Structure formats: structure tokens, C-alpha cells
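Visitor: can't give you the sequence, but here's the structure:
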């Protein structure tokens, strides 16, 4: 089979699958999903991690697709998997199939007005663990038939692809929100510079120990942050995540930036003297298309919107007096 013939066969087989032409040997949509994951991730390992399966499952699915199409779609290189000509044709039509599948799901999902079933919510880990988990628990108790999945991650889940049903995000510029998302605007979120109360007391007493910036490695010190009345050394203390950052500042290693709802709520921390607050952005509850019309999504967004409104002073750094 020539390369041109293989490409023509690929286009025909994918066209049949996309158009739902009856065929007992039709391409399995799950095989196409695995193909898309490898094409986008560039490797079997990346696809397996994204799909939550082992790498042998990914290899088996790709082999099944290639057998059905009668041609290879990837070239295996030391650096990973690269699409060949036939694979490029598969990618074009596979993405159309994916879009049609998502449209079908959201339209059917949007007609579901029950208060049972799965509800996936994505939000930043700090919002989940330091602010909203009691509210999420209250909602779960109010609606025991809703299966909640909380995706507490810094990664932005794709609502259009149904990776989540509701996103709670900090948005600095409303114009950056995709036009296909529906949003409920929440309170503004501010951050500040914090240190431990004990370390502040020691600094005021003239303790000679150096004070460091405590930073998350991938972020560093934000441009807006200042040391105020305190002078730090040029040697930072780095962590890889926000929870380790908080523990480090509690230990008196130095100063760090935190959202006000985290720093102000911690009895062991206090704002560093002479420092200012900074607006991170505005909290938004985001949903997509037909999904937002379902009863469980509407119930959740309305519930959380009310709770967030009560947290406005805490989020803005106005609720706690400081030293």
C-alpha cells in the first residue's frame, strides 16, 4: 500500500466513524482517544499518565487502531512518538470526532435535571484546603446522591472537553475568559507578605538570625512584594509546593507571600511590618455550555457563590487586625 493510498484509507475509515456509518468493524472511539493522548503528549508515558492507565494499555489501543486502519500512524523515535503522514490525517478527523463527542455529551448532560450523579469541580489546592472544604462538605451532606470529585490542582482543567463541570478560578483580567464559558463573579482576592509571630518578636528584640525569602521554586519572589521594614538576606529558602511554604514560614525561616485567606487565618502568622497587600484577581465560578443548565451544577454554583460572598472580607484581607 502506497503512502497516498494509506492516507485515503485513513480518511475514509475516520469519516465513517465520524459519520456513524453502520459497520460491524467500525473504529472504536476509545482507540481514537488513546491516539489523541499520544499525539498531544508526544509519548506513551505522557498519554498513560493523562488517561490514568498503564503504558501497555496505550500500546494495545494504538495497535488496534493501526490494525483497523491498515497503516501505521506513529513513528517511534528515541525522543518519543511522532505522527507520520497517515497519522496527521487521523489527527485532523479525530479532533473533529472529539468535538462532536463533547457536543453530544454536553447537550445530553444539560438535559439531566436530577440531583444525583457525578459533579467534577476544579480549583486551586489552597482554595480547597484553606477555604472551601467545609463548604464542599456541607454541599455533599445536603445532596448525598451527588458524587463529588474535587480536582484540587494548579493545572487548568478544560471545561469544554468535560475535564470538569465547574471551575473556581482566580482571574486577573475578565477579558481573558474564553467566550464559551459562563461565569458567576465572586469576591476579589488579595495577598500579602507574612512571617511567624515568634520570628517577628525575635526580630523586634534584635535577634541576629538572618531572615530569608521563602519562595516556591517555580515562582520566585513576586514583583509586587517588598520587605517593608525588614531586610532579608540574598539567600532564599525554596520549596516545591504551597503547603511546604506555609510550614517553612511557621518555622521562622523568614517571610513569604500568601493569599490573605491563608495568612490571616493562621494564628501563628502575621503580616510583615511595612508591607502592602496586592490584588491577585477576582474569583469566578465558571461553567460551560449546556453543562451549566443541569440541576446539580446550578445548585452547586449558587451554593458556593453565596458562601464566597460571606468570605469577601477575609479574601480582601480586611477581617483580621494586625501587629
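Guide: Looks like it arrived, so ask away. Quantities reported herein were computed from a predicted structural model and do not represent experimental measurements.

Visitor: Quick check, residue 119 in contact with residue 166.
Guide: Yes. Using CB atoms under 8 Å, residue 119 is in contact with residue 166, at 7.3 Å. C-beta: built from backbone N, CA, C; applies to glycine.

Visitor: Which neighbours do the two have in common?
Guide: Counting by CB atoms under 8 Å, 6 or more residues apart in numbering, the common neighbours of residue 119 and residue 166 are 297, 300.

Visitor: Point out where the stretch 51-200 of the chain drops to low pLDDT.
Guide: Residue ranges of the stretch 51-200 of the chain with pLDDT under 70: 101-114, 156-162.

Visitor: redo that, cut-off 90
Guide: For the stretch 51-200 of the chain, the stretches flagged by pLDDT under 90 are 51-58, 65-71, 73, 75-80, 85-118, 151-165, 167, 171-184.

Visitor: And for the stretch 201-323 of the chain?
Guide: Ranges of the stretch 201-323 of the chain meeting pLDDT under 90: 207-210, 217-223, 227, 234-235, 241, 286-296, 319-323.

Visitor: Strands of that one, start to end?
Guide: Taking DSSP state E, counting those that start in this stretch as the test, the strands found in the stretch 201-323 of the chain are 212-216, 237-239, 254-259, 269-271, 278-288.

Visitor: Could you check how far the second one is from the centre of its chain?
Guide: Per CA atoms, centre = their mean, to the nearest Å, the displacement of strand 237-239 from the mean C-alpha position of its chain is 23 Å.

Visitor: residues making contact with it?
Guide: 212, 213, 214, 215, 216, 217, 245, 248, 253, 254.

Visitor: ok, those vs residue 83, which is closest?
Guide: Within the contacts of strand 237-239, proximity to residue 83 (CB to CB) peaks at residue 217, which comes in at 33.8 Å.

Visitor: Just say helix, strand or coil for residue 148.
Guide: For residue 148, the assignment made with DSSP: H, G, I helix; E, B strand; the rest coil gives strand.

Visitor: Tally up the residues packed near it, please.
Guide: 15 (other CB atoms under 10 Å).

Visitor: Make residue 1 into 477 and carry on from there
Guide: With the count now opening at 477, the last piece we talked about shows up as residue 624.

Visitor: is residue 643 in a bridge, and if so with what?
Guide: residue 598, residue 762 (DSSP bridges).

Visitor: List the residues that contact residue 644.
Guide: Residues in contact with residue 644 (CB under 8 Å, 6+ apart) are 597, 598, 599, 600, 603, 608, 759, 760, 761, 762, 780.

Visitor: so who does the last one touch?
Guide: Taking CB under 8 Å, 6+ apart, we find residue 780 in contact with 608, 611, 615, 644, 761.

Visitor: okay but residue 756 is in contact with residue 645, surely?
Guide: No. Contact criterion CB under 8 Å: residue 756 and residue 645 do not qualify, at 11.1 Å.

Visitor: where along the stretch 577-726 of the chain do the helices fall?
Guide: 601-603, 609-618, 673-680, 718-726 (DSSP state H, counting those that start in this stretch).

Visitor: Pull the residues that contact the last one.
Guide: In other words, helix 718-726. 601-602, 605, 670-672, 690-692, 713, 715, 730-732, 734, 738, 742, 744-745.

Visitor: buried subset of the residues you listed?
Guide: Among those, the ones that count as buried by 16 or more other CB atoms under 10 Å are 602, 670-672, 690-691, 713, 715, 730-732, 734, 738, 742, 745.
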